Structures are given as structure tokens and as C-alpha cells.
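[1] please work out how this folds:
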Amino acid sequence: MTDDKEVFRGHETDLEDMVASSDSGARKPAGIPGKLLVSIAAVWSLFQLWISSPLPYMVGFGVFNATQARSIHLAFAIFLAFMAYPALKRSPRNHIPLQDWVLAAVGAFCAAYMFIFYDQLSQRPGAPITQDVIVGVTGILVLLEATRRALGPPLMIVASVFLAYSLFGRWMPGFLAHGGVSPYGLINHQWLTTQGVFGIALGVSTSFVFLFVLFGALLDKAGAGNYFIKVAFSLLGHYKGGPAKAAVVASGMTGLISGSSIANTVTTGTFTIPMMKRVGFSSEKAGAVEVASSVNGQIMPPVMGAAAFLMVEYVGISYVEVIKHAFLPALISYIALIYIVHLEALKANLQGLESSNPARPLLNKVIGFLGGLLLLMGLALGVYYGLGWLKPLLGDATPWIVAVVLTVVYVGLLKVGSHYPVLELDDPTSPVVKLPQTRPTVMVGLHYILPVVVLVWCLMVERLSPGLSAFWATMFMIFIMITQRPITALFRGRSRPAEDVREGFFDLWNGLVTGARNMIGIGIATATAGIVVGAVSQTGVGLVLADLVEVLSMGNLMLILLLTAVLSLILGMGLPTTANYIVVSALMAPVIVTLGQQNGLIVPLIAVHLFVFYFGIMADVTPPVGLASFAAAAVSGGDPLRTGFQAFYYSLRTAALPFLFIFNTDLLLIDVTFLQGLLIFVVATIAMLIFAAGSQGFMLTRSRWYESLLLLLVAFTLFRPGFWMDIVHDPYRSVPPSEFSEALGQVDEGSNLRVEILDENDFGETFTQFLLIPVPDGDSAGERMENLGLELRTEDGNTYVDNVTFGSQAEQIGLGSVFFDQQILSVMAPVDRWPKELMWIPGFLIFGLVVMLQRRRRETPGSMAEAA
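    Numbering: from 1, shown residues only. Okay, the predicted model is just below:
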């Protein structure tokens, strides 16, 4: 056993180095440089807390505008990048060379240049002097070197290619050529404005992402990570393949507070992978389950690896809307992964671990679960409507009273938890195979949920900004870290307040340092990705790319989506998820939306951005460079490539979802009622489970090839019933363009007309696109046309857009052009038809047939051998 522990410690050291090299920097200098490194990291965290709080505005000191805050944010990131990340693999880890000190200082000065000389720069916009250009060139070069160190060469190379394209565009071949950008113009655009390095992406990192990463780091340092793992194992570890199911749930809960798939894999996998192997999973399958569940943590709101906050800016919708659209696909993906693990356990006849819970009949378990669920729902409704009633009554005193109530609840939960044993951090090499009891495990850490409740309350109910919501949740988390030990010790009759408070502050300090070090890579990535975004806006390469993609795909939307998916996977092999999302969404999202309109499919922008993001995270799984797979293989001792391929096989459901919600936006809860959303959730979950069974080749027993095909067909039918209904009954009828006004007056209010128009792009080239025209209210066709803000005219049998009212619905959806007469080519009006959901009936009938076939085969002699 001693040898096993020594081997484990050796593996643990390697894993810590792997996570550090990819997330927080592998250098750990001793002495004063080491103290300076962690001190600057902590100061960065404190600075971010300061600018996110209302205090600067209350005291009238330390107020920074967005540009100044981004400048300081990047200065911290670059300085820490050169201190924490060695230049080469053979570079020293225990001290910081002189050249790195110089690069750190120069890089920090160049990044802070926008803050230091803000007033002077504001007086000469668009007219940089020689000093500005020197600082800008130096800053870009140092930023690229910091990127190479923190994130590897790929993102640095991509950014360098776009810089070269901006400078030497006039010498590019064919349609890639453009007028070129002068060095002064390039530096001004990329370094001295908010169009390039200091653009939206870095702004999101500054305003939102840092605090959420810090919140997750503090929550983990307080003990919530270990609590989530223990709760998952106590609930699920005794089922068939239980440790694997617990790994999925634990990784999902950890993913709520972690933005890194690699760190998630190692943090939970160090404990879960050995447990999975103990019940019979192979090294590769145990690692693959952990990878598939850990990587999916990035698609689970509220953090989503920083992408959620970027979508707020790029898509132009609120953070709450982003969470709403992203929640359902992420949830059903996790449910399906638990089912995949269950199927693996059935295939190999794997058992769970021994449960410590007292035996209870199934009915009592169901009643207990439903009772707990109803109690939580009742409490949630009571708090929501209770505070909603109290807020007008208490006025400005409401926050203080809520704070007092929250503190009382917190102390009460600590009192309850003090009656149960403290959760210890287990050694994965230990031979213990008995699971912790559920009730004591759950009760001892319930107070960890309160900061998450504060975060969700501020976001969803108070509708505060994401940054301010994260600030209040983080402040409550800090309060918990400092007070949980002394209060719990007091309740346990073991009072040593000075030592307990000291340990709490030590955890807080480590959390501040860890949060900042975890942000180095994200800060650098968002700044460097801003170079790509800036080059796209300065050179117009996005329009060139749109033409290229249209030629390659021959205008076929499915081919465009496949090309985008492949591009995301390729770039994701070297780019971190956040940078990959920024680059691909900047290049491809407008192309997909535009070409979708030309193909008659109106694709919401949020669907396209989620599509790009999903395939960006798949790159952490996909061989040959899937870093999460390598991390899991290091824990399991399995082959990294086989682990990666197995993880990709498990992740097919994640790869299928983006294609499904592009063509069926109901999955993103777009324009659906609550009851419709509930029905969609139930049916989509069933569909995903059936898809998992079809792709895994096993349901009640091992599936025949035609049964797998039928299961996949059923899953497609449940996901996209409209595909078959459109074949049976066309949802639209054709209307002559000259009768547009009459059609608008005849259809139901709230429905849409599909209109094909002939338009002109910026280069004078004509193209066709489809628009959805919402039917406004009004008692007559003329009144509806007026409310829509649209006037038409007919000449020589053709119908043209004559006038569009400024700020009207018609203008917002793209009608009206100053230099070109838009022609209406066709009008499609909706017709009454059977609801598309009727197609679920034949789907379920086919599913019933497959179930019947498999049950009959399982009950025949010899079927158990076949199932095994």
C-alpha cells in the first residue's frame, strides 16, 4: 500500500504540473519572488473586487471607465504571465530569470499605457504619435510572447497571421486582396482603441469573467468541491456502475463553478477514476467518462467557461436570456451521459459500491425524494413571492433585512451541520469501498449552496448585472470562508476562535491567489483573440470568408455547419475554448446567419454562437490533442489516444445537439411558453436517451444493427417532428407579392410571414435572402402595415419596398435600403395544419416495437449471455 501511495503522490505531482502549465502557470519561485508573485495575484483579485463593487461610486475614489479598467486588467495578466509561465520546458521553475522580469515590466507598462496616458490619447483620437506606435508595437510583440507561454503557439500564430494579413493585404492573391493597412493605422486600431486588443472580449474578461472565476476558486477552497464529490457518491455510488454516475454528477456540479475542463478532469478525476476502475471499468473507459463529464461542465450555465458573458455582448441579449437558452441542451446532455454510463454497466454487468445508507423500500425512497423536491419548491416560491411582497413595504431597508435573514439561515445550517462528522478529503489509493451515508454528507455542507443562491437571486430576481451579482455572491463567500470554522467549532464545543479565523483568512488568501492565477490564461486569450476580431473589422475579411464558405459549401447550410464544426475542432486543438469561441464566432456566425436566410432558414444568432461554442469544447476531447483526455489518462494509467476516442464516442450526443437546435430552436426555449418548455424538456430528454441507446448499440439487451438505426430514427423524430410534418403538410401557402398587404391582414396576429427579397451587399452584388415578418396588431391590413412601418409600391408587375419608418419593426428586421430598391420576390403565409408534435406518435410506436423485440430476445434462453 505504501508503494501505491508513493506512486499516487508521483502522479499527483505530475497532474498538478499539467494543470498549472495549462491554467495557472507552472513556475513556483522561492523566497521574495515567490511572495511577490502570489501578492500581485492577490492584489489583482482585490482590484477586480473593487471595480465591481459600488464602493468607488460611494466614496468618489478609484472610479475607472471601461477602457481604463481593461488596460489595468491586461497589465496584471501580462505581468503575471511572464512571472508564472516559463519561456521553455527547460527553463527554471524555482526562480524568475532577469529577462522575464524585464519582459513583465515592459509588457505591463505597454498594457497600462491606455490608463496612464488616457487624457492625452483622448485628445488625439486616430492620430497616433511616434511614441504611441512604439508602445503599441512593443505591446503587441510582448502580448504574443505571453500568449505563446501561457497558451502555446497556435493562438499566437493565428493572431500573427491576421496581423500580417492586415499589413500586406494588397499583395494577397485574388479575392483575399484588400487595400492594406498602414503600420500607424494598424497600431491605432489594435492597441489605441477598443476595436482590437482592448475590445469586447477583454472587456468581458474584465467586467464579468474574473469575478466568476474568483467565486469558483473561493468556493472550492472553502471545501465545496470535496462536498460536491462526496454528495454525488453518497447518492449514486451504490447503483450499477455507480462511481461513474457519481463522477458525471460531481463533474457537472464542479463545472458550475469551474471554467476549465482540464482542471475539472483532474480535480474530480483524481478521486472518481480509481473508484470507477474498482467496480470494473477499464482504464480507458474510466478516463473517458471523466473527460466527457468534465468537458461538459463548460456548457453548463451559469459560467460556461466565460462564453456566456461573451455571448451577452456579441449576441446583444441579457445574461439571463443566455442562461435560459443554454440550460436545456446542457441538462439533457448530462442526463444522457448518466444513461450511457448505465448502459456500459449493463453491458459488462458491473455493480456499484457498498452503500452505508439504511435499507429502505423503493416507495419510501420515491416519497422522500418527492417530499424534498416539493419542500425546496415551496421554499423557493415562499422566498420569491415573500420578498416580492416585502420589497415595496420595506423599501430601502430590504437589502439589510435580507442580509440579516441570510446570515440567520447560514448560522442555522452550520448548527445543523455541526451534528454530523466533518467531511475529510479521501485518499484515492485507500482500500475503502464503502460509501458515505447520504444524510450526514448532504447536511454537513448545505451552507455552500447559499452563495450560489445569492448569485442566482441577484441575476434572476434582482436583475443586477452579472458583475455586480458575482460581487455580492463573492462577498458572501468571503464571509463564509472567514466565519465557518469558528462558528462550527463553537457549535461542536471546541472553540479556538483565533486559530480558526486565521485558517479562514489563509483559505481566503489562497482563493484570491488561485482565482487570479486561473485568470492569467483567460485574460491573455481574450486580449489576443481581440487581435483577430480587430483584423476582421479593419480589413473586411469576414465578407471574403463568407464568399469562400459559400463557394465551398455550394450554398448548402448543412455543409456550412459541417465546415464550421470542423474549423472549431481544428482551431480548438491549439486554442483555449474561450479564444476558439471568439475567433470562430467572429468569422463564421454572420456567415451562417446570412446563408441560412438565403436558404430559407431563419437561424437565431444565439443558436449559431452556441453551435460554435459546443464544437470548441469538443476539441478538449478529440484526439490527437485533446488535453482533457491526456489529463484523464495520466490519472487512470490508460492510453491517451484510446481514452480520447472513447470520450469522443461518449460525447456524440454533445456533437449532435448543436445541429438539432439550429433546425429546431424550441430546444433553446425560444418563443415557447412555460408548459411548452416543460413538454419539450421531457420529450427532448427521452429523445436523447434513445439516441444514446442507439449510438451505444445497447438498450434492454445488445441491439441489432437495424434496431440501432430505428432508435436513431425515433430520436430524430422526437427532436425534429417538424421535418416530417413539413413533408406531410406544407406549413405555408404561396401569396403573390402584390397581395402582401392582404396576406398580412388575413393571418393571425403574432404569426409570421416568410418573405424572400432581392437585396444588394456592400460591393454592389445582388443576392436573395428570406426574412420573417412578424404580424403586428391591428384591425385591418392597412393598420397592420402602418404598425409594421412598411410601405410598398408595384411597378411593371413587380413589388418593391418603397419606404420604411425609422425605428419600426420593418427596419429592425432588415427591410429598407437607401441605395437599392429591395424587391419582394415571394411571400409565404402560414396555414392551419396539424401540430407538428403529432409526429411523436409514430415515433413512440416505433420505439415500442424496438422495446418489444428486445424484451422478447432478452427473455429467450441464452439471452443473458448475449447481453453480457
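[2] what ranges do the helices span in the stretch 551-700 of the chain?
    557-572, 577-598, 605-618, 627-636, 640-650, 652-663, 674-696 (DSSP state H, counting those that start in this stretch).
[3] for the ones you listed, which one sits closest to V442?
    Closest approach to V442 among the helices of the stretch 551-700 of the chain is made by helix 674-696 (24.6 Å; C-beta to C-beta). Just so you know, the C-beta spots here come from the backbone N, C-alpha and C atoms, and that holds for glycine as well.
[4] returning to what we had before: and of the helices of the stretch 551-700 of the chain, who's closest to P125?
    Nearest to P125, of all these, is helix 577-598, at 23.9 Å by C-beta to C-beta.
[5] where do the strands of this protein begin and end?
    732-735, 752-760, 766-774, 790-795, 798-804, 823-830 (DSSP state E).
[6] quick one: strands adjacent to the second one?
    On the basis of DSSP bridges, the sheet neighbours of strand 752-760 come out as strand 766-774 (antiparallel), strand 823-830 (antiparallel).
[7] flag every buried residue along the first one.
    Applying a neighbour-count criterion of 16 or more other C-beta atoms under 10 Å, the buried positions in strand 766-774 are Q769, F770, L771, I773.
[8] of those residues, closest to A250?
    Closest to A250, out of all of the buried residues of strand 766-774 and judged by C-beta to C-beta, is F770, at 45.5 Å.
[9] beta partners for the closest one?
    Those that pair with F770 in a beta bridge, by DSSP bridges, are E756.
[10] rewinding a little: okay, the buried residues of strand 766-774 in TSV with distance to V621 next?
    Listed next are those as TSV, based on distance: C-beta to C-beta, whole Å:
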residue	distance to V621
Q769	36
F770	35
L771	38
I773	42
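[11] most tightly packed of the helices of the stretch 551-700 of the chain?
    The highest mean neighbour count among the helices of the stretch 551-700 of the chain, using mean count of other C-beta atoms under 10 Å, belongs to helix 627-636: a mean of 28.
[12] distance between that one and the chain's centre?
    Centre-to-centre, helix 627-636 and its host chain are 21 Å apart (C-alpha atoms, centre = their mean, to the nearest Å).
[13] for that helix, packing partners?
    Packing partners of helix 627-636 (3 or more C-beta pairs under 8 Å, 6 or more residues apart in numbering; DSSP states H and E): helix 2-19, helix 261-278, helix 283-295, helix 640-650.
[14] what number of residues lie near T622?
    Applying other C-beta atoms under 10 Å, we find 21 residues neighbouring T622.
[15] and the gap between it and I51?
    38 Å (C-beta to C-beta, to the nearest Å).
[16] do the same with G62
    8 Å.
[17] quick one, which of these two is more surrounded?
    I51 (22 against 12).
[18] the closest residue in space to G782 that isn't next to it in sequence: how many residues sit nearby?
    Nearest residue to G782, sequence neighbours excluded (C-beta to C-beta, 6 or more residues apart in numbering): S741, at 7.2 Å. When neighbours are counted by other C-beta under 10 Å, S741 registers 18.
[19] contact partners for S741?
    When contacts are counted by C-beta atoms under 8 Å, 6 or more residues apart in numbering, S741 touches A781, G782, M785, L792.
[20] hang on, the third one packs against E791?
    Yes - counting by C-beta atoms under 8 Å, M785 touches E791, with 7.3 Å between them.
[21] re the thing from before, let me know the closest of the contacts of S741 to F210.
    Of the contacts of S741, the one sitting nearest to F210 (C-beta to C-beta) turns out to be M785, at 49.3 Å.
[22] run the chain-centre distance for stretch 845-860.
    For stretch 845-860 - counting by C-alpha atoms, centre = their mean - the centre lies 38 Å from the chain centre.
[23] can we start the residue count at 15 from this point?
    Taking 15 as the first residue, the last one we looked at is stretch 859-874.
[24] report the buried residues of that stretch.
    F861, V864, L867, Q868, R871.
[25] between M799 and E805, which one's more packed in?
    Ranked by neighbour count (other C-beta under 10 Å), M799 and E805 place M799 first, with 19 against 15.
[26] between the helix of greatest length in the chain and helix 275-292, how big is the angle?
    The single longest helix within the chain, with elements called by DSSP state H, is helix 511-553. Taking axes from the mean of the first three to the mean of the last three C-alpha atoms, to 10 degrees, one finds helix 511-553 and helix 275-292 inclined to each other by 120 degrees.
[27] where in the stretch 15-164 of the chain is pLDDT low?
    Low-confidence segments of the stretch 15-164 of the chain (pLDDT under 70): 15-40.
[28] report the residue ranges of every domain in this protein.
    34-181+526-542, 554-633, 678-743+850-882, 746-846 (automatic domain parsing).
[29] nearest to V305, out of these?
    Closest among those, using C-beta to C-beta: domain 554-633, at 11.0 Å.
[30] the closest one - what's its average pLDDT?
    When pLDDT is averaged along domain 554-633, the result is 77.
[31] likewise stretch 474-490?
    84.
[32] buried sites along it?
    474, 478-490.
[33] what does that stretch contact?
    By C-beta under 8 Å, 6+ apart, the list of residues contacting stretch 474-490 reads 63, 66-68, 221-222, 225-226, 228-229, 232, 323, 326, 333-334, 398, 401, 420, 464-466, 468-469, 472-473.
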